[in-house]
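Student: all I have is the shape, not the residue letters:
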């Protein structure tokens, strides 16, 4: 077996790197296209199929086994190393993104699938140790897959990002190819040629890894219409800030979170309407809202103390320290009246024994399973358990126009947990028509028995027969707003016919065990692309 130790190590590395490539392709596709469940499922299924094809085709390789093995290492290293870059370029300049994605998966899977059979035949002449050698061979292959799958989300993506991770994995593959060529050169036809090729490709891949940040900036300037002034990949998300003249925009995983030109519209409606419905304003919980804009609006109430739960510590750090964003949020994240806890909102509510007068859910849209969980019936049940008597829950709910089913699914899910819900919306130029669902318990003093004003005829799925008396909402005289006024509040609770689902839509509750929200949201994205 000692004669094949390098080959065993190669097996571990190629398995680990191929797992990284598979995860990169899935993650990039989720980032650029959306619907992460579909992207990961397609990648895994197609990759396994391609491995089977590679294993089948390997039976036709009868000569020059070492040459073929080196070719596989080179092929996997080059295709995998360029995989992330090619996907982004395809998204920018081609109409056939899916085709590029499928070709990458099939090529890498086919090459990896042929690796083990060819390596087995290389060592099969050693009959004495064949059984032991094969057991080690498969062990190294499975261990490599484990190492790659663990390293990608915990180390590689947070520290390196898409491009550097792919180039680094490609570098490892080409290092293995180079070592094999020099170690077993007497068994490789055209060894001198292979030595030159592997060394040159290795240098190219290392160079790509070193300039990956520049490549990332070039790609981002193509993805975003405005100049990218800050870009950072955290453990959880990609944060990008752009600027065009005096318009600053924050993006998370490619989705705009705010524009400095109109974010006040969104945040005033998000904060001041529920704050003026709540019986008390002393203790407020923000779930999400790491940009600090909602906290800025809440700090206009001198008696209010705020707890913010945001998963990503880098998000709150950036929005606290970055001069551009901290100017927009008026230094809210450094306020003594704000407590920031960086943890998962679901986990926080599970162990929460404190009661809040207002809970504001300012989370990203439910475009993946982790976020859809935060739009579920159980999540809203836990929010209700954390509400003080007379408290108000307000939920960012996507667009009633662009994502009608998603918006009203939030309404129905909240109602399923015993809330009286009053949806409302407004026009935010950066987003379009955007909406919220404000919810209270039935014993709230603001509840009235008139819930038909926003529901389509015959569709009980969005009408509980009760609503919040929004006519009574009065903005405190000492609160400065740019958009919101007592004159326009009532209009926010009115919906057009094209913003309300019909009975045929049959909107379901978003359950923890049946996350229909993902289906509704991804369907809306596909319809508007």
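Tutor: Cool, the structure landed. Remember, it's a predicted structure, so these values are computed and weren't measured experimentally.

Student: and residue 327, that one's in a helix?
Tutor: Yes: judged by DSSP: H, G, I helix; E, B strand; the rest coil, residue 327 forms part of a helix.

Student: okay, now it: neighbour count?
Tutor: Residues within reach of residue 327, counting by other CB atoms under 10 Å, total 11. (Each C-beta comes from the backbone N, C-alpha and C, glycine too.)

Student: just the pLDDT for it.
Tutor: Each residue has a pLDDT score; the one for residue 327 is 95.

Student: who are the packing partners of the helix or strand that contains residue 14?
Tutor: Under DSSP states H and E, the secondary-structure element containing residue 14 is helix 5-33. Contacts of helix 5-33 with other secondary structure elements, assessed using 3 or more CB pairs under 8 Å, 6 or more residues apart in numbering; DSSP states H and E, are made with helix 36-57, helix 65-93, helix 97-123, helix 130-151, helix 157-183.

Student: what segments of the stretch 351-500 of the chain are strands?
Tutor: For the stretch 351-500 of the chain, applying DSSP state E, counting those that start in this stretch gives strands covering 356-362, 387-396, 419-428, 432-441, 447-448, 467-468.

Student: show me how far the second one is from its chain's centre.
Tutor: The reference is to strand 387-396. Averaging C-alpha positions (CA atoms, centre = their mean, to the nearest Å) puts strand 387-396 27 Å from its chain's average.

Student: swap in the fourth one?
Tutor: When C-alpha coordinates are averaged (CA atoms, centre = their mean), strand 432-441 and its chain have centres 23 Å apart.

Student: got the contact list for the least confident helix or strand in the chain by mean pLDDT?
Tutor: In the chain, no helix or strand scores lower on mean pLDDT, DSSP states H and E than helix 130-151, which sits at a mean of 81. For helix 130-151, the external contacting residues (CB atoms under 8 Å, 6 or more residues apart in numbering) are 1, 4, 8-9, 11-20, 23, 116, 119-120, 123-124, 126.

Student: put the buried members of these into a ChimeraX selection.
Tutor: Typed into ChimeraX, the next command selects the buried ones out of those (criterion: 16 or more other CB atoms under 10 Å):
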select :4,8,11,12,13,14,15,16,17,18,19,20,23,116,119,120,123
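
Student: tell me, how many residues neighbour residue 218?
Tutor: Neighbouring residues of residue 218 were enumerated by other CB under 10 Å; the total is 16.

Student: same thing with residue 259?
Tutor: Using other CB under 10 Å as the criterion, residue 259 is surrounded by 20 other residues.

Student: then the one 10 residues further on?
Tutor: Neighbouring residues of residue 269 were enumerated by other CB under 10 Å; the total is 25.

Student: so which helix or strand takes in it?
Tutor: Using DSSP H and E, residue 269 sits in helix 263-275.

Student: quick one: the residue nearest to residue 86 when sequence neighbours are not counted from residue 526, how far?
Tutor: Of all residues beyond its chain neighbours, the one nearest residue 86 is residue 100 (6.0 Å), with distances taken as CB to CB, 6 or more residues apart in numbering. Distance, residue 100 to residue 526, using CB to CB, to the nearest Å: 19 Å.

Student: show the contacting residues for residue 275.
Tutor: Residue 275 makes contact with 281, 284, 298, 301, 304, 358, 392, according to CB under 8 Å, 6+ apart.

Student: show me the helices in the stretch 201-350 of the chain, by range?
Tutor: Under the criterion DSSP state H, counting those that start in this stretch, helices of the stretch 201-350 of the chain are mapped to 212-223, 263-275, 293-298, 313-321, 323-328, 345-350.

Student: return the most buried member of the ones you listed.
Tutor: helix 293-298 (a mean of 26; mean count of other CB atoms under 10 Å).

Student: how far off centre is that helix?
Tutor: Chain-centre distance of helix 293-298: 24 Å, with CA atoms, centre = their mean.

Student: same thing with stretch 17-28?
Tutor: Per CA atoms, centre = their mean, the displacement of stretch 17-28 from the mean C-alpha position of its chain is 15 Å.

Student: which residues are contacting it?
Tutor: With CB under 8 Å, 6+ apart as the test, stretch 17-28 has contacts from 36, 39-40, 43-44, 47, 76-77, 79-80, 83-84, 87-88, 101, 104-105, 108-109, 112, 144-145, 148-149, 151-153, 156-157, 162, 165-166, 169-170, 172-173.

Student: how about stretch 373-388?
Tutor: 279-280, 283, 285, 287, 345-346, 349-350, 352, 354-357, 359, 361, 363, 366, 393, 395, 409-410, 413-414, 416-419, 439, 441, 509-512, 515, 517.

Student: where does the stretch 351-500 of the chain dip in pLDDT?
Tutor: 450-464 (pLDDT under 70).

Student: that older thread, can I get the helices of the stretch 201-350 of the chain in JSON lines including distance to residue 57?
Tutor: Written out in JSON lines, the entries for the helices of the stretch 201-350 of the chain read as follows (distance: least, CB to CB, whole Å):
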{"stretch": "helix 212-223", "distance to residue 57": "33"}
{"stretch": "helix 263-275", "distance to residue 57": "55"}
{"stretch": "helix 293-298", "distance to residue 57": "56"}
{"stretch": "helix 313-321", "distance to residue 57": "45"}
{"stretch": "helix 323-328", "distance to residue 57": "53"}
{"stretch": "helix 345-350", "distance to residue 57": "46"}
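
Student: among those, which is nearest residue 54?
Tutor: Go through these one by one with CB to CB and the one that ends up closest to residue 54 is helix 212-223, at 28.6 Å.

Student: could you tell me how far that closest one lies from the centre of the chain?
Tutor: Between the mean C-alpha position of helix 212-223 and that of its chain there is a distance of 19 Å (CA atoms, centre = their mean).

Student: try stretch 410-430
Tutor: On the basis of CA atoms, centre = their mean, stretch 410-430 sits 23 Å off its chain's mean C-alpha point.

Student: ok, now stretch 234-243?
Tutor: Taking the mean C-alpha point of stretch 234-243 and that of its whole chain, the gap between them comes to 11 Å (CA atoms, centre = their mean).

Student: average model confidence for stretch 74-89?
Tutor: Regarding stretch 74-89, the rounded mean pLDDT is 95.

Student: tally of neighbours for residue 135?
Tutor: Residue 135, neighbours per other CB under 10 Å, totals 10.
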